[in-house]
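In: Sequence first, predicted coordinates after that:
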Amino acid sequence: MGAVIATGFLILAISVWITNNAILPFNIYVITPSIALQPPSFAHFLGTDDLGRDLFSRILAAAPIDAEVALSVVGSAVVFGLILGSVAGYVGGLVEEIIMRVTDVFLAFPGLVLALAIASALGPSVFNSILALTPVWWPSYTRLARGEALTVKSRQFVEASRASGQTTGHIVFKHIIPNILPVLLVYATLDIGNVILVFSVLSFIGLGAQPPLPEWGLLTSQGEQYLVSAPWYPIAPAVAILIVAIGFSLLGDGLRDVLDPRVRGLFS
Amino acid sequence: MGFVKFIIRRLLMLIPILLGVTFITYVISRVTVPNVARAWAGPRASPQALAALVARYHLDAPLYLQYFYYMRGLVTGDWGISPTTGRPVLYDLGVFFPATVELAIAAIIITIIIGIPTGILAALHQNGKIDHSIRFIYLAGFCSPPFFVGLAVLLVFGYYFNIFPTQGELSTSLAPPLKITGMYIVDSLLTGNWVDLKDSLWHIVLPASALALTYFGIVTRIMRSSMLEVFQRDFIRASFAKGLTRNAVVFKHAVRNAMIPTTTVLGLLLGALLSGTIVIEAIFIWPGIGYYAVLSIESLDFPSVMGITILFTISVILANLLADILYAVIDPRISV
């Protein structure tokens, strides 16, 4: 179930992105005031927005934007986490102490508030949201990577490599990182839904995507004033977020069961 | 005294965290905004006003000195002036914070009221239909953006059934109670103002429930797993062996012991709730910090955003500390 939703979301995002919105039933930017705020019908599956644009098309068109943000944020978190965590785990000593103390400080921040502060300092845009969300996401990956690096470090092929006189950089990049990458990628997969949730909050508040871009949080916030007269307008994009987030959450649970039946996370 | 030492050590942890969060946001805001004084004062500000602003915040000094002056201001109680309201940021925070605290406490109470029974129920029906249904509901809560729950609750109970007021902390027709704590419910209770008490309780139901519905799964999940763990212990078997009924065992022994780990998530819960208040307050026009944050963000009012960030960071860390202390107090076997 989770895998179906997650794959569906990614396929949708890619096909909308490749065809440059041509795949959608209606043009998402053309304004037709005469059909504003129409209820759901056969022509307009989820009704129309306040400017007469097809809401269903706009919701589908948001998929590539949310996918882009989610993949960029978890992608950079994985890269930062891999490098910092494996160096900390493998080198140890003072380097580890410094990296991990900084990580602890970042982990102690309330994530959304930090993202809000950075996003409002940078100014609202999709790219700036990525910049604002990455500092919130990398610390947990660093911690995870360090733990994994510590176990890989004591394996024989690493010792052999060290005995044969390889440099630290070589060992970290050729042996440690390739061995901890799969674990981090699994966590990254289950994190995609979380990034989309927080990004939609940024957009809802006005710090993420800007009009006329379609983005789920932004669409909800634009529809909020029509909550009573046209409830489908704010509710439909919010449900889209809910579906994708549930999909990735279920996928994550499934992956974790497959990969490590002993470990049951508390909050995932 | 290990305990006092522990608290002091945790409080000291606040210093690097606050230095970190202020440093990051401060530096980013300076590097990315071309003309800080213009951005703060607004497009219509006179040259004199701009010059005053530059002098006030030392904006012509090198970046590290500006940061130093800003931090010195923070420590001495000068958190800057909000360009939006024209008042000192610290004063504004004092005005808006009580409403958020009130909302968060109400939300925690509702979360516990929903979370603990559902956790017990799920544990008693482990892997049964009830367990799965409860898991589905709280998963939906976790996975829904906070504004979805807020809007749904507002639409159904505020507009459709028209049971609860849809916005604000108190009906506009009523005068707020005499200010003691700034929290309307507490103040009206202290002054015996029953009209205001009823009205403010009525107003808090929807926003607090929206928050609770989003986050109660945190409590349900830990309650369920600690109940399951307690069920394995010998004293439960002993209680059954001495002939106690199932209900007596569950409620007298199992629940009491399972509550201990549950208290540890209260800090986590409060952190999540505080973040959630930003959106919920915006939807319900609740005059708290979250609402103030959205206003400040819309007008790119940087001194206020910094103040809010610092206040939230301190609150979340203190909440976590409080949860740890509570944990040690409830269970004397735990030494910290």
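Out: That came in fine, so what should we check first? What you see is a predicted model, and the numbers here were worked out from it, not measured in a lab.
In: contacts and neighbour counts: CA atoms only from here.
Out: Noted.
In: Need the pLDDT of residue B:33.
Out: Residue B:33 is assigned a pLDDT of 65 by the prediction.
In: all helices of the chain, in order?
Out: Using chain A. Assigned by DSSP state H, chain A shows helices spanning A:2-18, A:55-91, A:93-108, A:111-122, A:126-153, A:156-163, A:168-171, A:177-205, A:216-223, A:232-259.
In: Chain B is the one I meant
Out: B:2-32, B:36-41, B:47-57, B:63-75, B:89-124, B:129-143, B:146-153, B:184-190, B:194-231, B:234-241, B:246-248, B:255-284, B:289-298, B:302-330.
In: rewinding a little: using a markdown table, please lay out the helices of chain A together with mean neighbour count, distance to residue A:45 and mean pLDDT.
Out: Below are those laid out as a markdown table (neighbours: other C-alpha atoms under 10 Å in any protein chain shown; distance: least, C-alpha to C-alpha, whole Å; pLDDT from 0 to 100):
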| stretch | mean neighbour count | distance to residue A:45 | mean pLDDT |
| --- | --- | --- | --- |
| helix A:2-18 | 17 | 17 | 86 |
| helix A:55-91 | 23 | 6 | 93 |
| helix A:93-108 | 16 | 43 | 84 |
| helix A:111-122 | 26 | 34 | 82 |
| helix A:126-153 | 22 | 27 | 91 |
| helix A:156-163 | 13 | 58 | 89 |
| helix A:168-171 | 14 | 56 | 88 |
| helix A:177-205 | 21 | 23 | 88 |
| helix A:216-223 | 27 | 16 | 92 |
| helix A:232-259 | 22 | 11 | 84 |
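In: Output the ones you listed in CSV; the columns should cover distance to residue B:206.
Out: Shown next, in CSV, are these (distance: least, C-alpha to C-alpha, whole Å):
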stretch, distance to residue B:206
helix A:2-18, 31
helix A:55-91, 28
helix A:93-108, 30
helix A:111-122, 23
helix A:126-153, 30
helix A:156-163, 58
helix A:168-171, 56
helix A:177-205, 20
helix A:216-223, 19
helix A:232-259, 17
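In: any bit of stretch A:114-130 sitting next to chain B?
Out: Yes. Stretch A:114-130 is in contact with chain B by C-alpha under 8 Å from any C-alpha of the partner chain, via A:114, A:117, A:118, A:120, A:121, A:122.
In: What lies in contact with that stretch?
Out: Applying C-alpha atoms under 8 Å, 6 or more residues apart in numbering or on different chains, the external contacts of stretch A:114-130 come out as A:69, A:72-73, A:131-133, A:135-136, A:199, A:202, A:206-210, B:21, B:24-25, B:28-29, B:32-33, B:297, B:300, B:302, B:305-306, B:309.
In: Quick one: end-to-end length of that stretch, please.
Out: End-to-end distance for stretch A:114-130, by C-alpha to C-alpha, to the nearest Å: 13 Å.
In: so who does the closest residue in space to residue B:211 that isn't next to it in sequence touch?
Out: Among residues not flanking residue B:211 along the chain, residue B:107 sits closest, at 6.0 Å (C-alpha to C-alpha, 6 or more residues apart in numbering or on different chains). By C-alpha under 8 Å, 6+ apart, residue B:107 lies in contact with B:208, B:209, B:211, B:212, B:273.
In: Look up how far residue A:114 lies from the closest residue to residue A:251 other than its chain neighbours.
Out: Nearest residue to residue A:251, sequence neighbours excluded (C-alpha to C-alpha, 6+ apart): residue A:2, at 4.3 Å. Distance, residue A:2 to residue A:114, using C-alpha to C-alpha: 30 Å.
In: now swap in residue B:301 and tell me
Out: Where residue A:114 is concerned, residue B:301 sits at a distance of 16 Å (C-alpha to C-alpha).
In: how near is the residue in the stretch 1-150 of chain A that chain B sits nearest to to residue A:210?
Out: Nearest to chain B, among the residues of the stretch 1-150 of chain A, is residue A:121, at 4.5 Å (C-alpha to the nearest C-alpha). Counting by C-alpha to C-alpha, the separation of residue A:121 from residue A:210 is 16 Å.
In: Fine by me, we can end here.
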